[in-house]
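Trainee: after the sequence you'll find the predicted model.
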Amino acid sequence: MWLRLRSQLKNLLLPRVVNLQPHTAIMGKRGGQRKPRSRNTGDVTVKENPLFEKYYKALGIVPEAEWPLFMEKLRLTLPSTFRITGTKGSALEVLRTFEETYFKQLENIEFADGTMIEPPKPLPWYPDRLAWTLNTSRQFIRKHAGLRHLHDALVLQSEQGNISRQEAVSMIPPLLLDVQPQHAVLDMCAAPGSKTSQIIEAMHSNNDAVPGGVVVANDMDHKRCYMLVHQSKRLQSPSFMVMNQDASLFPTMFQEHPADPTNPNGLKLKFDRVLCDVPCSGDGTLRKNPGIWNKWNPYDGTGLHPLQVRILQRGLNLLKDDGLLVYSTCSFNPLENEAVVAEAIRRSKGTLELVDVRDKLPGLIRSDGISSWVLMDRAGNFYNKNDEVKDPNISHKFVESMNPPTEEEVAAFHLDRCLRLVPHSQDTGGFFVAVLRKVIKDPVPAPLPKAAAKPAEATDESQAAAPVAEAPVTKKKSRRIYNEEPYILMYKGEHHKPLVELLSDFYGLAPEFPWKLMMARGSGERQRNLYVISELSRQILERNEDRDIKIINMGVKVFTRTDSTSNTCAYRLCQSGIDVLLPYMTKRVLKASPADVFKILREDAPHFEDLAPELCEGLLALDDGAVALVCDEGLPSLSGQPLKCPVHICAWRGRKTLRCLVTKQERLHYELLLGQDVEDVHATHSRKKDKKKGSDARDARAGDARDGGARGGARDGAVATEEGTAVEGQPPAKQAKAEGEVEQAVQDGNKPVVGQQSMDTQEEVVKAEPEKQ
């Protein structure tokens, strides 16, 4: 008692120590340390900064005649932009819905000053009209009563992953990467994942359910990795992998040696494409982060320059010969842009070249990179080179790599091939992009010897980007220093053989099903979830399992264990993996009409006799358990028009009813794909939201909150929550609890479950509790 009292008194009397971390990057998403939130928020009435104007006017980043327009545009709010994602057929159907329904609501909407809102416009340079801009802010769309349906649609489709609200210039780097399905791609500073989503879409451009390549999305912030999981897992790609590493020290990984797959050492993994979207000062985001006006100073760029050089250098070291690396920032500062690129080319000694992409993306207005610049201190003094800075208090802030290139280097580097995006050209934010290619070929690799020492990581800043001779390596068993449960390849475990046989028999999985790509998570023998990954993902997992590679998430969930005693298979289908499994399933697949699928989605658990006779007959011939329902492309939709894309959903065949295994948000999306009236879909969505709010209020008054405030919103979709990202992002105890409630509904097949995690709180759970899935 006395010791506890003394400790409390000590805490009261001693001054509180606050750890104030210096900021490094306005864009915390990029893998650097986040700046304090106050830097980008608050009421900024005076959007001026004399140092900003003095520095960039002296550099001539825009022609002198355009300077007034440049500054005027910087002071205006950034327009809203979004991108339609997903498979081609689904994306085009979402686009049709927006064009024919939501965009028409803007025809008679006025701003406060009486001017009419301009109709949405497709970005002229984005392929297939799948990216759009509105000259209104997000706040205006959210608050204006006449735009309620548009706002709800943006939120709904964003939650489902069918659109991504993303700044226009941020969409450019992935387009210039030219990703193919077989590529190994590294996104070095990926969170929150909008560019990663574009890369995943390119990986699936051929509509392959399981592409052979891999997208490694990395971020050094452990918590933001779970935001990255939440954003990118909506696309459900077996080729997706999230890692938690310092980008400037990204570890060397290994894959199977093509000449000798049985060689235990394998071959060092090199990437076909690398996206290097580095931490930056972010002054190109002034239009959406007005707090920068008051805080900007030239040391923002000088402080980040060394880190940017190290990250770019490491990315080049991991790049294959003839591979492409895209370097980008949301900064105007050449010390963060051309100076970093020039230093990388300088160190490469002829093994790198800047790719001229000025003919790419027709319709994009861009400016050329610059080859000369000056340095400026906080007092506004200019210097041509770093050695001209004589003040010992600031001279350390300027390093040699910040100097502009010499005349010989200007001719050799071709920095004019870099792209600069300025706000007044196409009403965007500011951005910088450079595309680099490694041009020197590596010698043909030979199989590595069986016994050797582990090589040093190629992370030193002074190391050239040119390939170096690989030292032989051996695996070194080491202690895990993170809390993620391991992924286990099922084909390697003898105890998994009975499960493989059970799944094959129950679902009729064809002999060619890629069991080698099936994995589970956790060290026990009864894993709850089973995943499918791509071939290259498997090689990375298998060849690096003892190297302390911090894998946060990977693959797509295809089966989840159920505790039901009424069926003969312990695992049921997951909606997230239905497109992966369907090509191999020969059992428990039923054809359904759009009307039947709509009834299942809307009513949640209709009785067999309420469905079409053919579907009812098929259900009666099956045992209890999960089934896949297929609604083929071309069938007459609910609106009478042919379906533009197939619709596949999972359901649970109970004793008398067929229960939907699709999240509430997905149901609304599928209803739109089936041709249901948009007004009816949104009215249903609104009623369910109101019902959820009332239910939450009653639960709160009763003190019946569950799982830290995530209260029952699944009365209309009892089984839906298990497929959502909230369960994926929960700690194991909460995940087991949520899935346990799901299984209670599965057991009796027709009883709704209360108290489940609602989809409306999923993002909050992911951000607040970044635990393992």
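Mentor: Cool, got the structure.
Trainee: where does pLDDT dip in the stretch 551-700 of the chain?
Mentor: Applying pLDDT under 70 to the stretch 551-700 of the chain flags the ranges 565-567, 685-686, 688-700.
Trainee: quick one: the strands in it, in order.
Mentor: Under the criterion DSSP state E, counting those that start in this stretch, the stretch 551-700 of the chain contains strands at 551-554, 556-561, 571-573, 589-591, 625-631, 647-653, 658-660.
Trainee: paired strands for the second one, with orientation please.
Mentor: In the sheet containing strand 556-561, the strands it pairs with under DSSP bridges are strand 529-532 (antiparallel), strand 571-573 (antiparallel).
Trainee: check the fourth one too.
Mentor: Each strand paired with strand 589-591, and its direction, by DSSP bridges: strand 625-631 (parallel).
Trainee: also compute the angle for the partner strand relative to strand 647-653, please.
Mentor: 150 degrees (axes from the mean of the first three to the mean of the last three C-alpha atoms, to 10 degrees).
Trainee: can you list the residues that contact strand 625-631?
Mentor: 506, 567-569, 572-573, 578, 581-582, 585, 588-594, 596-597, 600, 619, 643, 646-653, 658, 661, 674 (C-beta atoms under 8 Å, 6 or more residues apart in numbering). Where C-beta positions appear, they are placed from N, C-alpha and C, glycine not excepted.
Trainee: just to revisit the earlier point, distance to K268 and mean neighbour count for the strands paired with strand 556-561 - can I get that in a markdown table?
Mentor: Formatted as a markdown table, the strands paired with strand 556-561 follow (distance: least, C-beta to C-beta, whole Å; neighbours: other C-beta atoms under 10 Å):
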| stretch | distance to K268 | mean neighbour count |
| --- | --- | --- |
| strand 529-532 | 26 | 24 |
| strand 571-573 | 37 | 24 |
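Trainee: take those strands and write them to a markdown table, including distance to L375.
Mentor: Formatted as a markdown table, these follow (distance: least, C-beta to C-beta, whole Å):
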| stretch | distance to L375 |
| --- | --- |
| strand 529-532 | 51 |
| strand 571-573 | 61 |
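Trainee: nearest to N135, of the strands of the stretch 551-700 of the chain?
Mentor: strand 647-653 (34.6 Å; C-beta to C-beta).
Trainee: and the closest one, what does it pack onto?
Mentor: If you count contacts as 3 or more C-beta pairs under 8 Å, 6 or more residues apart in numbering; DSSP states H and E, strand 647-653 packs onto strand 571-573, helix 578-581, helix 594-603, strand 625-631, strand 658-660, helix 664-673.
Trainee: quick one: work out the angle between that strand and helix 664-673.
Mentor: Going by the same axes, to 10 degrees, strand 647-653 makes 130 degrees with helix 664-673.
Trainee: strand 647-653 pairs with which strands, and in what direction?
Mentor: strand 625-631 (antiparallel), strand 658-660 (antiparallel).
Trainee: rebuild the ones you listed as CSV, extending it with mean neighbour count and distance to F82.
Mentor: Converted to CSV, the strands paired with strand 647-653 look like this (neighbours: other C-beta atoms under 10 Å; distance: least, C-beta to C-beta, whole Å):
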stretch, mean neighbour count, distance to F82
strand 625-631, 22, 27
strand 658-660, 28, 28
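Trainee: looking at the ones you listed, which is closest to P486?
Mentor: So among the strands paired with strand 647-653, strand 625-631 is nearest, using C-beta to C-beta, at 26.8 Å.
Trainee: wait, M188 touches V274, no?
Mentor: Yes - here M188 lies in contact with V274, judged by C-beta atoms under 8 Å, at a distance of 6.7 Å.
Trainee: contacting residues for the residue nearest to the spatial centre of the chain?
Mentor: Nearest to the mean C-alpha position of the chain, by C-alpha atoms, centre = their mean, lies G193 at 2.7 Å. With contact taken as C-beta under 8 Å, 6+ apart, G193 is in contact with A217, M227, L228, Q231, S232.
Trainee: how about the CA coordinates for stretch 150-170, as CSV?
Mentor: What follows is stretch 150-170, C-alpha atoms only, in CSV (Å, rounded to 0.1, in the frame of the first residue of the first chain):
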residue,chain,number,x,y,z
LEU,A,150,-23.6,10.8,-54.4
HIS,A,151,-21.8,10.9,-51.1
ASP,A,152,-23.4,7.6,-50.0
ALA,A,153,-22.4,6.1,-53.3
LEU,A,154,-18.8,7.3,-52.9
VAL,A,155,-18.6,5.9,-49.4
LEU,A,156,-20.3,2.6,-50.3
GLN,A,157,-18.3,1.9,-53.4
SER,A,158,-15.1,3.0,-51.6
GLU,A,159,-15.7,0.6,-48.7
GLN,A,160,-16.2,-2.2,-51.2
GLY,A,161,-13.1,-1.3,-53.1
ASN,A,162,-14.9,-0.4,-56.3
ILE,A,163,-13.7,3.2,-56.3
SER,A,164,-10.6,4.8,-54.7
ARG,A,165,-10.8,8.4,-53.7
GLN,A,166,-7.3,9.5,-54.8
GLU,A,167,-5.6,12.7,-55.8
ALA,A,168,-5.2,12.9,-59.6
VAL,A,169,-1.4,13.3,-59.7
SER,A,170,-1.0,10.4,-57.3
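Trainee: next, the buried residues of that stretch.
Mentor: Residues of stretch 150-170 classed as buried: 150-164, 166-170 (neighbour count, 16 or more other C-beta atoms under 10 Å).
Trainee: same question for stretch 543-551.
Mentor: R543, N544, R547, I549, K550, I551.
Trainee: among these, which ones are in helices?
Mentor: Mapping the buried residues of stretch 543-551 onto helices (DSSP state H) picks out R543.
Trainee: may I see the buried residues of stretch 543-551 arranged in JSON lines, with distance to L95 as well?
Mentor: Formatted as JSON lines, those follow (distance: C-beta to C-beta, whole Å):
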{"residue": "R543", "distance to L95": "41"}
{"residue": "N544", "distance to L95": "40"}
{"residue": "R547", "distance to L95": "44"}
{"residue": "I549", "distance to L95": "39"}
{"residue": "K550", "distance to L95": "38"}
{"residue": "I551", "distance to L95": "35"}
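Trainee: max pairwise distance over the buried residues of stretch 543-551: which two?
Mentor: R543 and K550 (15.6 Å).
Trainee: picking up where we left off before, reformat the strands paired with strand 647-653 as TSV; add distance to D610.
Mentor: Shown next, in TSV, are those (distance: least, C-beta to C-beta, whole Å):
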stretch	distance to D610
strand 625-631	15
strand 658-660	9
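Trainee: so for K47, which of those strands sits nearest?
Mentor: Using C-beta to C-beta, the nearest of those to K47 is strand 658-660, at 50.7 Å.
Trainee: next one: that closest one to chain centre, how far?
Mentor: 31 Å (C-alpha atoms, centre = their mean, to the nearest Å).
Trainee: and for stretch 82-91?
Mentor: 15 Å.
Trainee: now it: average pLDDT?
Mentor: The average pLDDT for stretch 82-91 rounds to 78.
Trainee: any idea how far apart the tips of that stretch sit?
Mentor: With C-alpha to C-alpha, to the nearest Å as the measure, the ends of stretch 82-91 fall 13 Å from one another.
Trainee: neighbouring contacts of it?
Mentor: So stretch 82-91 is contacted by 94-95, 98, 126, 128, 130-132, 154, 158, 161-166, 171, 197-198, 201, 204, 207, 235, 633, 644-646, 673 (C-beta under 8 Å, 6+ apart).
Trainee: kindly recompute the last result at 6 Å.
Mentor: Under the criterion C-beta atoms under 6 Å, 6 or more residues apart in numbering, residues V94, L95, L130, A131, N162, I163, S164, R165, Q166, E201, K644, C645 lie in contact with stretch 82-91.
Trainee: for stretch 99-106, same thing?
Mentor: I117, P119, P120, L150, A153, V678.
Trainee: and if we set it to 10 Å?
Mentor: Applying C-beta atoms under 10 Å, 6 or more residues apart in numbering, the contact partners of stretch 99-106 are 97-98, 116-122, 129, 132, 134-136, 141, 144, 146-154, 157, 672, 677-679, 682.
Trainee: tabulate the CA atom coordinates of that stretch in PDB.
Mentor: Extracted in PDB, the C-alpha atoms of stretch 99-106 (Å, rounded to 0.1, in the frame of the first residue of the first chain):
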ATOM      1  CA  GLU A  99     -22.700   8.400 -65.200                       C
ATOM      2  CA  GLU A 100     -26.400   7.600 -65.600                       C
ATOM      3  CA  THR A 101     -27.500   8.200 -62.000                       C
ATOM      4  CA  TYR A 102     -25.200  10.000 -59.600                       C
ATOM      5  CA  PHE A 103     -23.700  12.500 -61.900                       C
ATOM      6  CA  LYS A 104     -27.100  13.700 -63.000                       C
ATOM      7  CA  GLN A 105     -27.800  14.900 -59.500                       C
ATOM      8  CA  LEU A 106     -25.200  17.600 -60.000                       C
END
